[in-house]
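1. Got a sequence here, can you model it:
(chains A and B)
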Amino acid sequence: MTAATRSLAPWASVGPALAWTLAFFVLPFIAMAAVSLAPQGDDGLDLDNYRQFFVNAAYWRAMTNSLEVTAMVTVVSILLAYPFAWILAEIVPERWQRLALMLAVLPFWTSYLVRSYSWLLVLAEQGVINAALVDLGLLAEPVQLANTRLATVIGFVHFFVMLLTLTIFANLKQLSPNYRKAAADLGAGPVRTFIHVILPLTLPGIMVGAFLTFVLAIGDYITPQILGGNNELLMPQLIVMQVGRRGDFASASALSLILMAVVTVAYVACARWLKIERA
Amino acid sequence: MKNLTRRILLAAGVAAMAAAGGATTAAQAADLSALVWCDHSDPNLLKPFEDANGIKVNVKEFEGTGAGLAIIEQSQPGDWDVMVIDSIDVRRGVDKGLFAALPEDQLPMADIFPEVLMDATTKFDGKRYGITEKFGYNSISYNNTKVDAADMATLATLLGDKYKGRIAIYDYYLPVIGIAAMAIGKKTTELTEADLPAIKDVLLKMKANSKAVTDVVASQTAIATGEVDILVGGGEWVTAGLARENPAMDFTIPKEGGVLWSQSLAMFEASKNKDMALKFIQYVMSPEGQARLATSSCYWGMPASQKAALSDADKKILRFDEQPGFLARAQPYPAPDEALDKKMQDIWTEMLQAQ
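-> A predicted model of the protein is given here:
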């Protein structure tokens, strides 16, 4: 093999991936960035489509709504998923773990759209939850659960608890039992061992799941659109609204890039835990 | 849309197609290719035409003129033969050189309700580019077993407290802004930027009384399941299809009026199958086609043709005989220029974000 061939070999192996990224990410990204600079009703380039986001309170509100909802979803999903993953990894016998995991991800098998509409029916005034609470005498009359932020959060959490359970479970299974034995030998009780040993060591699993939850939730249109009842707008809804009748791809592109910038900031914040090789 | 945006979108579309290995488009594989709203996808409408002509009608659904025009911009000329479009937006296609003139002498123009011919928005330089096929009203849908019909006779009820929390608002800014304008005595054809603050106040009052702002499917679901009892912006398109099984589903046009919506069929200038495209338009405008379109499974609406072959029961549900009165009270869809359109969408956004 010549020196030239040897130097080209790595490029040949990553070539397809690079070509894919170039064709389906870099070029569309450049196109979207260029479109976002097109002024309203005129030729040329300017930053007006970005400016409107910062001067229009309703647009800015969409971002704060998105961040609030996504933060709630991420925190609640972690709080529910961790104990679930712990039970699966530590308490469920090994021979049943595969079945338990399969049951845990069963809701993934149904369509996302169908799942969202199902939640709408469950949370409706005449839905299962309200009917049960009224029948039990806990409520005098049904309360509004559907078409609220709470409904959006519930819809998201149902989905992302499963995702986080998988990432945390995988992390827990990789932990050597020797860590716990060593902590016990040094006099640490179960709580102290969990807080100072297990939790820090499973932080990568939590952060990977949390980052995926954040990215997928903040860019999701379907769940807030179906369950939120448009009583407040999140960023994906605001973006889609620009395209619907007006076909304002310039505004939609600018808003999309702003959203992408927020995701990039989240990635940078989580980067130390997202490395493939653990430090 | 600006030239730059159009060029970039087109280039991106072509690049994506090239990357996909030059796959043939769905349109090329079909005998007639139609960009449509969901009511045209009903096999009950398409099959008789397909059987009679031995062809397949390939349909692609879209929502919103902007989305429809984006599909066209990312297609090759000739990919599409006919398009369903808001009658007020036919000009947008004509300005882009997309549509061919329709031969009025080969279409049943005399059968169409005169009030919905919409010449101002479908006819330019003496040539017709769009023909109204279906129309209706954005006004009020309600459950007549839970809401007093007398209360629905005026838009003022929507701004009071009586039905607070039992109202949904249809999520489309133009017709609901038209309704809000009527509530304060403005004509939909004379709206200016100066009217927007007062319209916004009405929208905010409606929002304060509402439970949700719902799209087409959610609107039908909300009123059918009893989640709400009133839908602002509703009309026969929401309740008529449900009324066969549930007569409580009702609609009215209050004394202030309702917004007249209408959809048109247009033929593409670049169509490679103009004869079949015209045949399709003629079929849809025929008494049989009109009846099938009016009662499409996706949503019902009034047929544009007075000769639609509807059953008496379906005519009753659609209030066919009451149309002269309805049309007299109806006002056209707001048709703002681009700058005013943007501002209208912005006050709609503010309304949605209001808590």
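2. pLDDT wise, what is the residue lying closest to residue B:164 once chain neighbours are set aside at?
-> In this structure, residue B:164 finds its nearest non-sequential neighbour in residue B:209, 4.7 Å apart by C-beta to C-beta, 6 or more residues apart in numbering or on different chains. C-beta coordinates here come from the backbone N, C-alpha and C atoms, glycine included. The model reports residue B:209 with a pLDDT of 96.
3. And for the one 5 residues further on?
-> The predicted local distance difference test score for residue B:214 is 89.
4. what about it, how many neighbours?
-> 28 (other C-beta atoms under 10 Å in any protein chain shown).
5. if we can go back for a sec, show me what contacts the residue nearest to residue B:164?
-> Residue B:209 makes contact with B:158-161, B:163-165, B:167, according to C-beta atoms under 8 Å, 6 or more residues apart in numbering or on different chains.
6. same deal with residue A:130?
-> Contact analysis of residue A:130 by C-beta under 8 Å, 6+ apart lists A:123-124, A:139, A:142-143, A:145.
7. Show me the contact partners of the host helix or strand of residue A:240.
-> Using DSSP states H and E, the element containing residue A:240 is helix A:235-243. For helix A:235-243, contacts defined as C-beta under 8 Å, 6+ apart pick out A:59, A:62-63, A:65-66, A:218-221, A:224-225, A:230, A:233, A:248-249, A:251-252, A:255-256, A:258-259, B:64, B:66-67, B:70, B:345, B:349.
8. The residue nearest to residue B:164 and chain A, how far apart?
-> Counting by C-beta to the nearest C-beta, to the nearest Å, the gap from residue B:209 to chain A is 12 Å.
9. one step back: type out the PyMOL command that picks the buried ones from the contacts of residue A:130.
-> Filtering the contacts of residue A:130 down to the buried ones (16 or more other C-beta atoms under 10 Å in any protein chain shown) takes a single PyMOL command:
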select buried, chain A and resi 123+124+145
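10. any low-confidence regions in the chain?
-> Going with chain A. The model of chain A has pLDDT under 70 over residues A:1, A:41-42, A:275-279.
11. right idea, wrong chain: chain B
-> Across chain B, the ranges flagged by pLDDT under 70 are B:1-30.
12. The one residue in it that gets nearest to chain A: what's it in contact with?
-> Minimum separation of chain B from chain A (C-beta to the nearest C-beta) falls at residue B:66, amounting to 2.6 Å. Counting by C-beta under 8 Å, 6+ apart, residue B:66 makes contact with A:243-248.
13. Repeat that for residue A:246.
-> The neighbourhood of residue A:246, defined by C-beta under 8 Å, 6+ apart, consists of B:66, B:338, B:341-342, B:345.
14. And the strands in chain B?
-> Remark: strands assigned in chain B by DSSP state E are B:32-36, B:57-61, B:82-86, B:99-100, B:123-124, B:127-128, B:131-143, B:167-170, B:210-214, B:230-234, B:249-252, B:259-268, B:302-303, B:331-332.
15. Figure out which of those is closest to residue A:128.
-> strand B:210-214 (18.7 Å; C-beta to C-beta).
16. excluding its backbone neighbours, what's nearest residue B:296?
-> Residue B:296 sits nearest to residue B:39 (C-beta to C-beta, 6+ apart), 3.7 Å away.
17. circling back: closest one of the contacts of residue B:66 to chain B?
-> Of all the contacts of residue B:66, residue A:247 has the smallest distance to chain B: 2.6 Å, by C-beta to the nearest C-beta.
18. Surely residue A:203 touches residue A:273?
-> Yes: counting by C-beta atoms under 8 Å, residue A:203 does reach residue A:273; the two are 6.1 Å apart.
19. Next, count neighbours for residue A:53.
-> 19.
20. For it, list the residues it contacts.
-> Taking C-beta under 8 Å, 6+ apart, one finds A:59-60, A:63, A:254-255, A:258 in contact with residue A:53.
21. what does the stretch 151-279 of chain A have sitting close to chain B?
-> A:225-226, A:229-233, A:238, A:241, A:243-250 (C-beta under 8 Å from any C-beta of the partner chain).
22. ok, now with 7 Å
-> Contact residues (C-beta under 7 Å from any C-beta of the partner chain) of the stretch 151-279 of chain A with chain B: A:229-233, A:238, A:241, A:243-250.
23. Show me those that map onto helices.
-> Judged by DSSP state H, helices contain the following of those: A:238, A:241, A:243, A:249-250.
24. Break down the stretch 51-200 of chain A into its helices, ranges please.
-> A:57-86, A:94-104, A:112-123, A:128-135, A:149-174, A:177-185, A:190-193, A:199-218 (DSSP state H, counting those that start in this stretch).
25. buried residues in the longest one?
-> What it means is helix A:57-86. Neighbour counts over helix A:57-86 (16+ other C-beta under 10 Å) mark A:58-59, A:61-63, A:65-67, A:69-70, A:72-74, A:76-78, A:80-82, A:84-86 as buried.
26. host element of residue A:20?
-> If you go by DSSP H and E, residue A:20 is part of helix A:3-21.
27. touching chain B at all, that helix?
-> No: Helix A:3-21 lies apart from chain B when judged by C-beta under 7 Å from any C-beta; the minimum separation is 9.2 Å.
28. from the chain's centre, how far out does that helix sit?
-> 33 Å (C-alpha atoms, centre = their mean, to the nearest Å).
29. now swap in stretch A:47-55 and tell me
-> 26 Å.
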